[in-house]
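Peer 1: model this:
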Amino acid sequence: MSLHIHHLTQIKWDDFGRLWEPLLSRVPLLATVGNHEIEPGEGPEPVPTFQAYNARYPMPTAESSSSPTDRLPTQPNSGGTPASRRGATNAYYATPLPGAFLITTSQYLDYTADSEQFKWFQRVASGIDRKKHPWLIVMHHVPLYNTLISHYVEGECYRKVFEPLYYKYGVDFVLTGMQSIASLI
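Peer 2: Residues are numbered from 1 along each chain as shown. Model (predicted):
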């Protein structure tokens with residue numbers, strides 16, 4: 001019997017879930033995908049997936065009309081030409097909060113100006129009632145500005161595409177992960 005690396009990844013996800021279950025059974029979680037949620041695909045032409053994240057952490061994707069058919073870039077961090085991918089994703093979504101509106105995006109799906117995610121962001125951001133939700137918060141994994149060379153491209157390529165939208169729609173606050181590389185400006 002052989003144990004595929006994919007199965008070991010699932011075990012790690014289950015262990016992580018058990019660790020956080022006491023808290024997350026009482027407190028809602030709104031998460032965003034990062035580089036550690038990308039799993040290798042299987043088959044003759046493996047394409048990365050977010051299988052474990054999608055299965056274990058449902059986000060309000062359907063409610064926010066984010067596209068379940070969005071695709072990963074051909075090369076991670078490139079924001080380039082989409083490659084075919086099996087299954088849906090909850091990697092980006094939007095949801096109202098008391099006094100605020102949260103839009104979560106993914107730097108690991110196609111985010112170019114002609115992508116489904118880019119068009120979806122514009123559609124959602126332009127429709128927010130700012131009297132009801134005066135604060136617009138955006139959340140994604142990699143900071144737009146950082147000094148770590150190994151993740152610089154992820155932030156910089158995304159920044160060039162999405163930062164103008166943040167100004168256009170008046171984003172008030174951006175939450176990011178990768179705390180080990182965030183820089184104070």
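Peer 1: from here on, contacts and neighbour counts on C-alpha atoms
Peer 2: Fine.
Peer 1: can you tell me the helix or strand for Cys157?
Peer 2: Following DSSP states H and E, one finds Cys157 within helix 149-168.
Peer 1: ranges for the strands of the chain?
Peer 2: 93-97, 100-104, 135-140, 173-176 (DSSP state E).
Peer 1: right, and those strands - which one's nearest Glu37?
Peer 2: strand 135-140 (12.9 Å; CA to CA).
Peer 1: before we move on, back to that, the strands of the chain: which one's closest to Arg56?
Peer 2: strand 93-97 (15.8 Å).
Peer 1: next, the angle from that closest one to strand 135-140.
Peer 2: Strand 93-97 runs at 150 degrees relative to strand 135-140, counting by axes from the mean of the first three to the mean of the last three CA atoms, to 10 degrees.
Peer 1: can you get me a residue count around the nearest residue to Ile38 once chain neighbours are set aside?
Peer 2: Using CA to CA, 6 or more residues apart in numbering and skipping residues adjacent in sequence, the residue nearest Ile38 is Phe50, 5.3 Å away. Neighbour count of Phe50, defined by other CA atoms under 10 Å: 23.
Peer 1: can you add mean neighbour count, mean pLDDT and distance to Tyr166 and give the strands of the chain back as a markdown table?
Peer 2: A markdown table is the format used below for these (neighbours: other CA atoms under 10 Å; pLDDT from 0 to 100; distance: least, CA to CA, whole Å):
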| stretch | mean neighbour count | mean pLDDT | distance to Tyr166 |
| --- | --- | --- | --- |
| strand 93-97 | 19 | 93 | 15 |
| strand 100-104 | 21 | 96 | 11 |
| strand 135-140 | 21 | 96 | 8 |
| strand 173-176 | 15 | 93 | 9 |
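Peer 1: before I go, just wanted to say thanks for your time.
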